[in-house]
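model the structure of this input:
(2 chains)
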Amino acid sequence: QKEVEQDPGPLSVPEGAIVSLNCTYSNSAFQYFMWYRQYSRKGPELLMYTYSSGNKEDGRFTAQVDKSSKYISLFIRDSQPSDSATYLCATSRNTGGFKTIFGAGTRLFVKA
Amino acid sequence: NAGVMQNPRHLVRRRGQEARLRCSPVKGHSHVYWYRQLPEEGLKFMVYLQKENIIDESGMPKERFSAEFPKEGPSILRIQQVVRGDSAAYFCASSPRDSISGNTIYFGEGSWLTVV
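Model prediction:
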């Protein structure tokens, strides 16, 4: 079993739609949860991070963590064509000294 | 832009040659990570280094791969006697010593290795 599972998609939505991206993880020791966005032939760019369970909002993006079910979500409101990219969820056990584990990434296409 | 700098961005090597990939972390960052991304696959952790120390190399293949982060200069990922299966994007990332934002890491633009 992979430590972080993520549906690779692709996911295609019309402009303006609400997008829901999800991951599950297996290790209850993970405490930090991140979402990265990666455009084609570019490096991953940190979008959001959360610690433990709960929600975090930043503009059109909301990250949600449910540690009881080991479920991570990213919601994108009012999606734009510029949101078309691969979204990677990631998790880590603790700050400093521990490697970050990534999901395989979900490819998102937002059609104008 | 004082982000993570990687070079070369693109590298072509023949089978059996050596590949050297360089990474300069964000200024002030003392932790460096190398990841490999194969086509249609996620980022796979390879190695985590601090200055002059390898902290975790559990993702590094046992043979032909090595990494260093010297006291002065960039981190180097070295692949000896490359094979076609080494063709991938290699990403370097860095994080500060005392991150207040969890173990968030910041990536470079990657080095694309093609073995012919």
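
who does residue 92 form a beta bridge with?
No chain specified, so I'll use chain A. residue A:32 (DSSP bridges).

oops, chain B please
residue B:34.

one more: residue B:49?
Following DSSP bridges, residue B:49 is listed with bridge partners residue B:32, residue B:54.

that one is in contact with residue B:67, isn't it?
Yes - the criterion here is Cβ atoms under 8 Å, and residue B:49 meets it with residue B:67 at 6.1 Å. To be clear about C-beta, it is placed using only N, CA and C from the backbone, and glycine gets the same treatment.

in chain B, which residue is most central in space?
The residue lying closest to the centre of chain B (Cα atoms, centre = their mean) is residue B:34, at 3.3 Å.

residues contacting it?
B:23, B:46-47, B:49, B:67, B:75, B:77, B:90-93 (Cβ atoms under 8 Å, 6 or more residues apart in numbering or on different chains).

how much space separates it from chain A?
10 Å (Cβ to the nearest Cβ, to the nearest Å).

distance of that residue relative to residue A:79?
33 Å (Cβ to Cβ, to the nearest Å).

same check on residue B:38?
Taking Cβ to Cβ, one finds residue B:38 at 28 Å from residue A:79.

and the two? Which one has more around it.
Taking other Cβ atoms under 10 Å in any protein chain shown, residue B:38 and residue A:79 do not tie; residue A:79 has more neighbours (21 against 13).

which helix or which strand is home to the closest residue to the more buried one other than its chain neighbours?
Of all residues not flanking residue A:79 in the chain, residue A:110 sits nearest, at 4.7 Å (Cβ to Cβ, 6 or more residues apart in numbering or on different chains). Assigning secondary structure by DSSP states H and E places residue A:110 in strand A:106-111.

for the residue nearest to residue B:38 when sequence neighbours are not counted, give me its contacts.
Nearest residue to residue B:38, sequence neighbours excluded (Cβ to Cβ, 6+ apart): residue B:88, at 4.9 Å. Contacts for residue B:88 (Cβ under 8 Å, 6+ apart) come out as B:36-39, B:112-113.

out of those residues, which is nearest to chain A?
residue B:112 (7.7 Å; Cβ to the nearest Cβ).

contact partners for the closest one?
Here residue B:112 is in contact with A:41, B:9-11, B:88-90 (Cβ under 8 Å, 6+ apart).

contact residues of chain A facing chain B?
A:6, A:8, A:31-32, A:34, A:36, A:41-46, A:49, A:51, A:88, A:92-105 (Cβ under 8 Å from any Cβ of the partner chain).

good, we can wrap up now.
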